[in-house]
Structures are given as structure tokens and as C-alpha cells.
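A.B. asks: Quick one, fold the following:
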Amino acid sequence: MTSLRTSQALAVFFTGIALTGVAAANPPTFDKSQAVAGPRADAGTGLCGSVTHFLAAQPLSQKADAAALADKPSTDSMVLDRTSRLFGNINFRNGQTNTGGDFTLPTYPDAILPYSRDAAAMPMGTDSNLVVRLRGYLNIPAALTGKVISFGVNCDDFCSLQIGKTAVVPMADERISARVIRQASFKDPGLYPVELLYYQNGSTAFLEWSRSDVAVQECPNDICLTSLTDPVMYQSNFKLVAATELYSSIVGQNSACQECGAAGTSCAAGSYCGDGICQQCNTADHCGSSCQACPATARTCSASGQCIACTADAQCSSGSSCDVASGTCKTPTGTDNPSYTGGTGCTFSQSAAAAAQASGMLGGGALLLLGLLGRRRRAQKRS
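C.D. replies: So this is what the prediction gives:
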């Protein structure tokens, strides 16, 4: 019996090694044309999320139906309630004691789903009939480019993951497999739009989003039976996507998390609809109270909503420096040092030439004075 168990353990171990580093034939590839901006250096705080508690005529079974509910205005008769805010921990579950998942306590802190039958839920609800839509941006630094990485989702009842316009995980359905692994490759660093859509009809509920820095083999028919936290099968490669990697707006933070794009929705003055979220007009493409696009010569939107050329010297061409007060790049107009131009002479700046001329005039005056003094002394000796 011991020998059999040892053989089984070794089989699982070598299976885990085989799964790591194996790239799919054609994983989706993303480049800077699909990013909305370069990578951010500051830490993110999470994604914008709207959670809709709906009146169910019958259980949801299709992604399109969940998206349609998320798009309905709060005044629609099917919308019992809705809450929108920042979510940093994409490790949701409801309060039922038998709720499963891979990233569980005590190692991984949970986030209680809104409308759960749990005292910690904000707001509290019935553990049923939820649609969650998370939108924002995933930051891809240079360290994650030029290779294949893997994303993992695990959910009950249903979830999907979209990056840019690409459905990286078209669906994970607990009736088939709650757990799905999909690979992707990023050619360029940048800030990439993401959307997670989730729904739950009743009973237990969870939603987990994780990432591996290396390629992990996708499961046959997208049916993954082993926990993503299994240290043997997956070599502890999967980690929850951290809030610091996620952003609610292209610039700054978007605490309001107001969704837009659906019929009957609009954004307030001084903001625009970007990737399904109302965002402040503080980018080069949407700048200031009028949300104007900045011209090619001034592609930075200042804190005061003005299109400027620079905020630092690095944004100016070689030999120029940034005048921060005006937001313009300036080149020095002259120098007082002579420069050799070839041949037998030197060229001087205008100020240097003027100084030399003044110096020559003073030297000539001094010589004339000395000559007059000498003549006066010789005349005194003769007398």
C-alpha cells in the first residue's frame, strides 16, 4: 500500500513539472496597440465593480443575460438593488459554510460578496441572484513581456475574463468546470483594459482570479480538476491577482466607479466614458473641462486640465529642458564661452565679443596714461 501511494505521489509530482512551462499552440498575444497607456509605476488599488441584486423569473444560464442585467438602469423593475465601488481583493465568496474555492482562509483572506447572507456583507442580502461586473485595467510591467503567462479563474456559478477585446476565458461554468486555465502573451508593457463578469443564482458562491508568471498547461476541454493552489500539480505558481496590479482609471483613482456605455447612461461634465467607466478628463486624449484631445506638440494633460509639452526634462529633446512653470521645453539661447570653429580663429558669442571690445578699450587707455606720466617725469628731470 505504501509503495502504491508513493508511486501515485510521484506521478502527480512529475505531472506538475510537465504542466509548467508548456505553452499553448496559439495563446492570445497582446501588444501596445491594445493598451490604453504605458505601464504605471504607482501601486494600483483595485477594479471598479458593480453588483446587481436582481429579481429572478428563472435562473440565469447565459453570459449575455447577465450582461443585460448589469446594463439595466437601477430603476428597472428587475433590479432590486445595486452597489458600485472599488474592489481590491478578487477572492469573493458568500457566507455559506460549505462554500469552496482554491484560495481560502487562513492563507488567503476572503472578500464577502455583497448581498450575501452574512453580517459582514455590504450590503447584506439573501445569498442569491447576483451579477458582478468588474472593470478597469491590468498593469503589465516589462518583466511580464516577451513570454507566455497563465491566468486562472475559479467560480460558482459562472464567470468570464476579457482583456481588451479578447475573451481570454470565454466561460467558466460550475456545471461543466468551475476552474479554467488560459494562457496569454504580452509583447509590450502597458495598461490593458480588463472585464470580469460573474453571476450566481443561489446556494454557494465564489469568484477567484489568479495569475502565474510562467506558462502552465491549459486543462483538456477546459476542465481543471485540481486546485490551483496545489503545490505539487502547479508548483505554487498561481497567485491571486493583487490590488496593486489593478487600476480603476488610466490616471489616478476612480472611487466613484460609475459605469457607462449602456443605453440611458452618461457621464458628468469634465468626465468621459472610457472602457465602460466614467473617468476624469485628465489624459492626453481627454483633457480639461472640455475633454479636448491634446495636440501632438503638447501631449500631457496637466493637473489644472491644460495641454502642455512637459512636466520633466526627460520629456524634452536633447539639449532642451522643461520649464515646469509654463510646461514647455526650452533651449538655451546663448553661451559666454568661445567655441572653436576650425581654421585659425575663434568665434565668440555677442556678449563675449562686447566684453573683449571693452577690455581692449580699457587696455589702450591705460597705455596712453602711462605714456603721459613718463613724459612728465622726463621733463621734470631736465629742469
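
A.B. asks: Which stretches in the stretch 151-300 of the chain count as strands?
C.D. replies: Secondary structure of the stretch 151-300 of the chain (DSSP state E, counting those that start in this stretch): strands at 158-163, 166-173, 179-186, 190-200, 206-212, 239-240, 246-247, 271-274, 277-280, 282-283, 286-287, 300-301.

A.B. asks: Just name the most buried of those strands.
C.D. replies: When those are scored by mean count of other C-beta atoms under 10 Å, the highest mean neighbour count falls to strand 246-247 (a mean of 26). No exception for glycine: its C-beta is placed from N, CA and C like everyone else's.

A.B. asks: What's the separation between the nearest residue to Ala66 once chain neighbours are set aside and Val132?
C.D. replies: Leaving aside its sequence neighbours, Ala66 sits nearest to Tyr199 (C-beta to C-beta, 6 or more residues apart in numbering; 4.2 Å). Separation of Tyr199 from Val132 (C-beta to C-beta, to the nearest Å): 7 Å.

A.B. asks: Let me know which of the strands of the stretch 151-300 of the chain is the nearest to Leu144.
C.D. replies: Of all those, strand 179-186 sits nearest to Leu144, with 6.0 Å by C-beta to C-beta.

A.B. asks: List of residues touching that closest one?
C.D. replies: 23-24, 27-31, 102, 140, 144-154, 161, 163, 168-169, 171-172, 192, 215-219, 222, 224-225, 227-228 (C-beta atoms under 8 Å, 6 or more residues apart in numbering).

A.B. asks: Show me how to select, in ChimeraX, the buried members of those.
C.D. replies: Here is the ChimeraX selection string for the buried members of the contacts of strand 179-186, based on 16 or more other C-beta atoms under 10 Å:
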select :23,24,27,28,30,102,140,144,145,148,149,150,151,152,153,154,161,163,168,169,171,172,192,215,216,217,218,219,222,224,227,228
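
A.B. asks: So Thr147 is in contact with Ala215, correct?
C.D. replies: Actually, residue 147 is Lys. It isn't Thr. Yes. Lys147 is in contact with Ala215 according to C-beta atoms under 8 Å; the separation is 7.4 Å.

A.B. asks: Mean confidence (pLDDT) on the helix or strand that Val131 is a member of, please.
C.D. replies: Assigned by DSSP states H and E, Val131 belongs to strand 130-140. What strand 130-140 shows for mean pLDDT is 98.

A.B. asks: Next: stretch 233-252.
C.D. replies: The pLDDT scores in stretch 233-252 average 97.

A.B. asks: Just the terminal-to-terminal distance for that stretch.
C.D. replies: End-to-end distance for stretch 233-252, by C-alpha to C-alpha, to the nearest Å: 39 Å.

A.B. asks: That one: which residues count as buried?
C.D. replies: Buried residues in stretch 233-252 (16+ other C-beta under 10 Å): 233-235, 237-238, 240-241, 243, 245-251.

A.B. asks: Please state the offset of that stretch from the chain centre?
C.D. replies: 10 Å (C-alpha atoms, centre = their mean, to the nearest Å).

A.B. asks: Check stretch 248-259 too.
C.D. replies: The answer for stretch 248-259 is 12 Å, by C-alpha atoms, centre = their mean.

A.B. asks: what about the helices in the stretch 201-350 of the chain?
C.D. replies: With DSSP state H, counting those that start in this stretch, the ranges of helices along the stretch 201-350 of the chain come out as 350-382.

A.B. asks: Gln253 against Thr45, yeah?
C.D. replies: Yes. Shown here, Gln253 and Thr45 form a contact pair, counting by C-beta under 8 Å, at 5.7 Å.

A.B. asks: residues shared between the contacts of those two?
C.D. replies: Leu86, Tyr247.

A.B. asks: what angle sits between the strand holding Val131 and strand 206-212?
C.D. replies: For strand 130-140 against strand 206-212, the angle by axes from the mean of the first three to the mean of the last three C-alpha atoms, to 10 degrees is 10 degrees.

A.B. asks: neighbouring strands for strand 130-140, and are they parallel or not?
C.D. replies: Paired neighbours of strand 130-140 in the sheet (DSSP bridges): strand 47-54 (antiparallel), strand 190-200 (antiparallel), strand 246-247 (antiparallel).

A.B. asks: Tell me which of those approaches Cys307 most closely.
C.D. replies: strand 190-200 (20.5 Å).

A.B. asks: which stretches of the stretch 201-350 of the chain have low pLDDT?
C.D. replies: Of all residues in the stretch 201-350 of the chain, those with pLDDT under 70 make up the ranges 334-350.

A.B. asks: Nice, that's everything, thank you.
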